[in-house]
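Asker: Here's a sequence, model it:
(2 chains)
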Amino acid sequence: MPAHRAAVLLGAGDDADDVVQEALVKAYRQLSRYRGESGFRPWLLAIVANETRNLHRSRRRRDGLALRAAAVTEPLPDAPDPADTVLARDRRAHLVARMRLLPERDQDVLVCRFLLDLSEQETAAALGVPKGTVKSRTARALGRLREHLRAEEVSGG
Amino acid sequence: MDDDLISELRDLDTWLDVPEAADQRAAVRARLAAPPKQNRLRMWLAAAVAAVAITVVAVEPARAAVVDAVVSVLRVAGIEVRQSGQAAPPAATPSPLPSTGEVTVAQAEQRAPFPVRWPEKLGPPERVEIVDPDAAGMPRMITAQYRGGAVRFDQIDGEAGSFIKQTQQAEWVDLPGSMAVWLPVRHALTYVDRDGVERTATTRLATPTLIWESGRVTYRLEGFTSLDEARAVALSLA
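Answerer: Now for the predicted structure:
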């Protein structure tokens, strides 16, 4: 369920179900305000994103992205070369770790654009910021992430 | 390169730990059906009981989908809309509403516990009845007929359950200032009396209906097959 997935990836963790329920109730009550210009999905995701931010505020913590346990321990069934698999696995673990170090806004924009695969327009609606901000924030977040990863490579990490 | 990083991020999605989503239908329905101040414990229990994951957001575009997928039982003000494949067939001769008979417009306005309003577009009503009075004779509902009984306009006091509608189609529509539900097809209509008792003997087949709520009065306009026409009548309420 995309709303639930969005809540988890935006950092709601174990409270994602509560966030989604709250969002659905609010969505229903606010349906009269839905105007349809940005599509229903981003409209609902905006409510989900907002509820998730409220959650972060109330418990003063954001749950970071986490790899599935299986993704860390098991090789891909059709992996051509075990060494590649290990490399890819390490790379993913690094990527997730680095993502978690980014400022929240940067994480949000990367989650929306690339993990939830929303367009710039949809991301703007979901995060409640102008489209131009999504563009610049995405570029900045990718830049920061690349810096982090490069620093790691240089230090042999 | 950005492109590599982006494709890595996209690829990451399949590897992330996302727990199973709970089925929120029962819980959401319970919360919407209940008055706003709701016992949270009941809501958590409902959420805990729910099991299967649902796909709400994938359904585009929207309002009909919300009725369809988020909650299959909705409540619009005092009217409960049930999404139902097979509505119980109404009796051949449904019994009338607990009415006290025909009254004049002035009498209806005088006895109703809420400000009675009339859709100007329909002109003066042909028949007005007061329905389900309390011990003091105060009616709960005013029902008016127009166009030889083909059009019916009900105004019901408060937001307590008053009708149950079983239908296969329902959609949210815009009505300035309120949320409205449009039932575009014939559907079963059952009266729920002021004590909350479902009067199954009153179940009848209703024609397309627009339902909305304003100022703690529930309105039900039956008999227009075109939403635009129904909306125009609703907006002419004076």
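
Asker: hey, which helix is longest across chain A?
Answerer: helix A:131-154 (DSSP state H).

Asker: what about A:Leu9, how many neighbours?
Answerer: When counting by other Cβ atoms under 10 Å in any protein chain shown, one arrives at 22 neighbours for A:Leu9. Where you see a C-beta, it was placed from the backbone N, CA and C, and this is true even at glycine.

Asker: again with B:His187
Answerer: Using other Cβ under 10 Å, B:His187 has 22 other residues around it.

Asker: near chain B at all, the longest helix of chain A?
Answerer: Yes - Helix A:131-154 is in contact with chain B by Cβ under 8 Å from any Cβ of the partner chain, via A:Leu142, A:Leu145, A:Arg146, A:Leu149.

Asker: From A:Leu101, how far out is B:Pro94?
Answerer: Noted for B:Pro94: a distance of 68 Å to A:Leu101, by Cβ to Cβ, to the nearest Å.

Asker: So for these two, which sits in the more crowded spot?
Answerer: Using other Cβ under 10 Å as the criterion, B:Pro94 and A:Leu101 rank with B:Pro94 on top: 18 against 12.

Asker: tell me the contacts of the more buried one?
Answerer: B:Ala201, B:Thr202, B:Thr203, B:Arg204 (Cβ atoms under 8 Å, 6 or more residues apart in numbering or on different chains).

Asker: which helices and strands does the top strand by length along chain B pack with?
Answerer: Ranked by residue count and defined by DSSP state E, the top strand of chain B is strand B:198-206. Packed against strand B:198-206 by the contact rule (3 or more Cβ pairs under 8 Å, 6 or more residues apart in numbering or on different chains; DSSP states H and E) you find strand B:187-192.

Asker: try it again with 10 Å
Answerer: Counting contacts by 3 or more Cβ pairs under 10 Å, 6 or more residues apart in numbering or on different chains; DSSP states H and E, strand B:198-206 packs against strand B:163-167, strand B:187-192.

Asker: Following element in sequence after that strand, please.
Answerer: Using DSSP states H and E, the helix or strand that follows strand B:198-206 towards the C-terminus is strand B:209-214.

Asker: Reformat the residues of helix A:131-154 next to chain B into a markdown table and put neighbour count and pLDDT next to each item.
Answerer: As requested, the residues of helix A:131-154 next to chain B are arranged in a markdown table below (neighbours: other Cβ atoms under 10 Å in any protein chain shown; pLDDT from 0 to 100):
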| residue | neighbour count | pLDDT |
| --- | --- | --- |
| A:Leu142 | 19 | 94 |
| A:Leu145 | 22 | 91 |
| A:Arg146 | 15 | 90 |
| A:Leu149 | 17 | 83 |
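
Asker: Max pairwise distance over those: which two?
Answerer: Greatest spacing in the residues of helix A:131-154 next to chain B, by Cβ to Cβ: A:Leu142 and A:Leu149 (10.5 Å).

Asker: Pull up the overlap in contacts between those two.
Answerer: Common contacts of A:Leu142 and A:Leu149 (Cβ atoms under 10 Å, 6 or more residues apart in numbering or on different chains): B:Leu5.

Asker: can you give me the helices in chain A?
Answerer: Per DSSP H, chain A carries helices over the ranges A:2-7, A:16-29, A:40-59, A:69-73, A:82-101, A:104-110, A:120-127, A:131-154.

Asker: now chain B
Answerer: B:2-12, B:25-33, B:40-49, B:63-65, B:105-111, B:227-235.

Asker: for the third one, what is the average pLDDT?
Answerer: Going back to what we said before, that points to helix B:40-49. Helix B:40-49 carries an average pLDDT of 37.

Asker: try the fifth one
Answerer: pLDDT averaged over helix B:105-111 equals 93, rounded to a whole number.
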